[in-house]
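*Asks:* test case, fold it:
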Amino acid sequence: MEAVVSTQSTGFIKENKIADLYELVQHAGNIIPRLYLLITVGVVYIRSQECSRKDILQDLVEMCRGVQHPLRGLFLRNFLLTSTRDVLPDIDDTTDDTGTVDDSIDFILLNFSEMNKLWVRMQHQGHSRDKTKREQERLELKILVGTNLERLSRLEGVTVNKYQNHVLPAILKQLINCKDSIAQEYLMDCIIQVFPDEFHLKTLDIFLDTCCQPQGAVNVRNILISKIGRLSNYAQADPNNIPDDIKLFEIFSGKVTQIIQSRTEMPPEDILALQTALIKLALNVYPAETGYVDQVLQNCFNIFDTDMSRAKGCSTELSRMLRVPVDHYQDILTILQLENFTPLFTFLEHRVRKELCVYITEHVIQTDTHIDSHDQVDLFLTMIGCLIADQPDQPKEPEDPEDFEIQQSLVGRVVHQLTSSVPDQQFLILNMCKKHLLNGGDKRIQYTLPSLVFRAMELCRVYFELREEDEKWEKKVCKILQYINSLLAALVKAEYWDLALRLFLQAALICDLVGIQTAESIAYEFVSRAFAIYEEEVSDSKAQLVAISLIIATFERTINFSEENHEPLRSQCTRASSKLLKKPDQCRAVSLCAHIFWSGKNRESEGSAMQDTKRVLDTLKKSVRISNQCMEPSVQVQLFVELLNKYIYFLDRGCTDVTQAMISQLVGKIRDDMPGLEPGEGTNQIMQHFNSTLAYIKSKHDMSFGA
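*Replies:* Numbers count the residues shown, from 1 in each chain. All right, here's what the predicted structure looks like:
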């Protein structure tokens, strides 16, 4: 329409009659068509520059008051704003009557005010049962009102001072006076989105003061979070964007606290969302100021501690907030500096608290963070306390066994992150870990204490390597061994026999390695305790074979036992092996004892292997006799093949009492018994093992056994 009028008005312009056309359209019969025509002709009139641009704009915006129907009035005024977007003056000063940017500001603000009134009026028309429908219609039309603010933001003549002194106060006045929650929430968000960051920074106090005034139904949370996020991104883009005299965090923190205190009905979810936004602001804009984050955490604690009911049902939101600094810092040591971080755990439900502890523990392991102070270790283990010990608020129902095992395995793994390069400090850390982990009860220590035992063993090695630099290293190692013994005693008390036996043997090896003056007696005690567990507590035949095999293997590696102690232990291994219930187990265990007599070492041998050829041969012959007592032919042949490999092993190592004739005799025995075995997978495996052994003998010893 505007293009048509513009074209047809060319003649009028030449005859100076555009003013007559402007007057003519005002005599149209119906007001709606009349105003649309008036706006169209008015825009052409402005472009003709025959009359004051300011007067025409003022006339148009005032004439639109004639339409008070909300929906029609909104579209009419939107048409006015759209039509005049290219003719609004955008300069600060002028010598003619074309108008200034102030005239454009007044024009848009007046149009905005009238449109907002029409928009709000929609809420109060019709029956109350249609309230929801009307609210939906209003939300669909909100962009018509917001377009006014968007047009204001595009005026280049709108400076920071004009925005601060004229534009924003007028918008906020209309926003507050309308007393409509939908309008207030949308328009405040619109202000944040359309105007530049510099404007927001200059008018921060004014805007935040207004946030305290809207209707109670207004979601102030979203408004403040949006404002915080906008300025946070602005500061991140260039730290110099924020002047030193503007304390961004302190301003927002104070205002958020004021709003929370004034709105006692504010949901806890909204409170936590605001506090989370403050934490993100502090982390992004002031990354070195951990005190800001701690201040937010303290505010949260004070809010929930004053009114515990506010904390109910918001554990997930609180946990999400606590994860923000964990993810940002990527360093548990910084988190431990936040004094108010762990106290907030008390407001979390047990399930959520445990999930957060698992998250933090996994984070420490994944980032390979080392906590090297016993005080920090104390803080950390207190933080993840719900993984370490039972809690008063935990459910009575038993926990899922698989989840429990995963959680406790995490605790066992994180123990290896609690380490210091200073040995004395490391021992303090181990004692602190022991203090916490022993509170976990019998069901947890099987997962957690082994890690402590191995860390203590590693510390023994460290002191041994530093023996030339530390005169008291032997006393310190002795204390560590006592520490290990106390941990193993806890496992024994909890009846974790297999685990305790294995760790006792490992501890005996450590004693033997460091070689302190009391090493022999302590190692003897450890081996004796392992034997006691084996004899008194291990009843399953398979477990007995595994246990005695471990004992024999451990004893074979020791070097610092005197003959006085070495001989009884050798004899005990042999007796225990021959007392196993099943003959195959006896045969295998007794044959293992041959290694003690061959490669075992004691103090008298001065590090050299015993190589007692007679005892080796006696042990092997005893194994053969035991295998002959087996009633099952396939088991008997299998044992013969295994013993054949033992004979070859000692022959290769230079055991003079083991001869090729003995090997030939055993090969013949196996060949005689092999045809009597029943065909099957087991027999095939035995045959394959035997043939592989014969091939090895032929290649190494040039022995031929015929077909």
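
*Asks:* what's next to stretch 31-48, contact-wise?
*Replies:* 1-2, 5-6, 9, 13, 18-19, 21-22, 25-28, 51, 53, 56-57, 59-60, 63-64, 66-67, 72, 76, 79-80, 83-84, 87 (CB atoms under 8 Å, 6 or more residues apart in numbering). Using the backbone N, CA and C atoms, a C-beta is placed for each residue, glycine as well.

*Asks:* now stretch 117-126
*Replies:* With CB under 8 Å, 6+ apart as the criterion, stretch 117-126 contacts 68, 70-71, 73-74, 77, 131, 134-135, 137-138, 141-142, 144-145, 178, 180, 182-183.

*Asks:* now it: buried residues?
*Replies:* Residues 117, 118, 119, 120, 121, 122, 123 are the ones in stretch 117-126 that count as buried (16 or more other CB atoms under 10 Å).

*Asks:* sec struct for the second one, please.
*Replies:* The assignment at residue 118 comes out as helix when based on DSSP: H, G, I helix; E, B strand; the rest coil.

*Asks:* now the helix or strand residue 430 falls within - C-alpha only, CSV.
*Replies:* If you go by DSSP states H and E, residue 430 is part of helix 423-437. Coordinates of the C-alpha atoms in helix 423-437 are reproduced here as CSV (Å, rounded to 0.1, in the frame of the first residue of the first chain):
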residue,chain,number,x,y,z
PRO,A,423,58.4,-40.6,53.3
ASP,A,424,57.6,-39.4,56.8
GLN,A,425,54.6,-37.5,55.5
GLN,A,426,53.5,-40.6,53.6
PHE,A,427,53.5,-42.5,56.9
LEU,A,428,51.2,-39.9,58.4
ILE,A,429,48.9,-40.2,55.4
LEU,A,430,48.8,-44.0,55.9
ASN,A,431,47.9,-43.6,59.5
MET,A,432,45.1,-41.1,58.6
CYS,A,433,43.8,-43.5,56.0
LYS,A,434,43.8,-46.3,58.6
LYS,A,435,41.8,-44.1,61.0
HIS,A,436,39.1,-43.6,58.5
LEU,A,437,39.0,-46.9,56.7
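
*Asks:* just checking, what packs against the helix or strand that it is followed by?
*Replies:* Sequence-wise, the next helix or strand downstream of helix 423-437 (DSSP H and E) is helix 442-465. Secondary-structure packing of helix 442-465 (3 or more CB pairs under 8 Å, 6 or more residues apart in numbering; DSSP states H and E): helix 401-414, helix 423-437, helix 473-493, helix 497-514.

*Asks:* on that earlier part again, flag the least confident of the buried residues of stretch 117-126.
*Replies:* Minimum pLDDT across these is recorded for residue 123, with 84.

*Asks:* distance check, that residue against residue 182.
*Replies:* For residue 123, the distance to residue 182 (CB to CB, to the nearest Å) stands at 7 Å.

*Asks:* which neighbours do these two share?
*Replies:* In contact with both residue 123 and residue 182: 135, 138, using CB under 8 Å, 6+ apart.

*Asks:* residue 688: how many residues sit nearby?
*Replies:* By other CB atoms under 10 Å, 11 other residues sit near residue 688.

*Asks:* run through the stretch 101-250 of the chain and note the low-pLDDT ranges.
*Replies:* Residue ranges of the stretch 101-250 of the chain with pLDDT under 70: 215-216.

*Asks:* try 90 this time
*Replies:* Applying pLDDT under 90 to the stretch 101-250 of the chain flags residues 123-135, 178-181, 209-220, 236-246.

*Asks:* in it, which spans are strands?
*Replies:* In the stretch 101-250 of the chain, no segments count as strands under DSSP state E, counting those that start in this stretch.

*Asks:* show me where the stretch 301-450 of the chain has helices.
*Replies:* Remark: helices assigned in the stretch 301-450 of the chain by DSSP state H, counting those that start in this stretch are 315-329, 332-336, 350-366, 374-383, 385-388, 401-414, 423-437, 442-465.

*Asks:* would you turn the ones you listed into JSON lines with mean pLDDT and distance to residue 108?
*Replies:* Formatted as JSON lines, the helices of the stretch 301-450 of the chain follow (pLDDT from 0 to 100; distance: least, CB to CB, whole Å):
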{"stretch": "helix 315-329", "mean pLDDT": "94", "distance to residue 108": "40"}
{"stretch": "helix 332-336", "mean pLDDT": "94", "distance to residue 108": "49"}
{"stretch": "helix 350-366", "mean pLDDT": "95", "distance to residue 108": "50"}
{"stretch": "helix 374-383", "mean pLDDT": "96", "distance to residue 108": "55"}
{"stretch": "helix 385-388", "mean pLDDT": "94", "distance to residue 108": "58"}
{"stretch": "helix 401-414", "mean pLDDT": "95", "distance to residue 108": "61"}
{"stretch": "helix 423-437", "mean pLDDT": "96", "distance to residue 108": "66"}
{"stretch": "helix 442-465", "mean pLDDT": "94", "distance to residue 108": "69"}
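
*Asks:* please report the distance of residue 105 from residue 80.
*Replies:* Residue 105 is 16 Å from residue 80, by CB to CB.

*Asks:* actually residue 558, not the one I wrote
*Replies:* In terms of CB to CB, residue 558 sits 99 Å off from residue 80.

*Asks:* for residue 447, same thing?
*Replies:* 74 Å.
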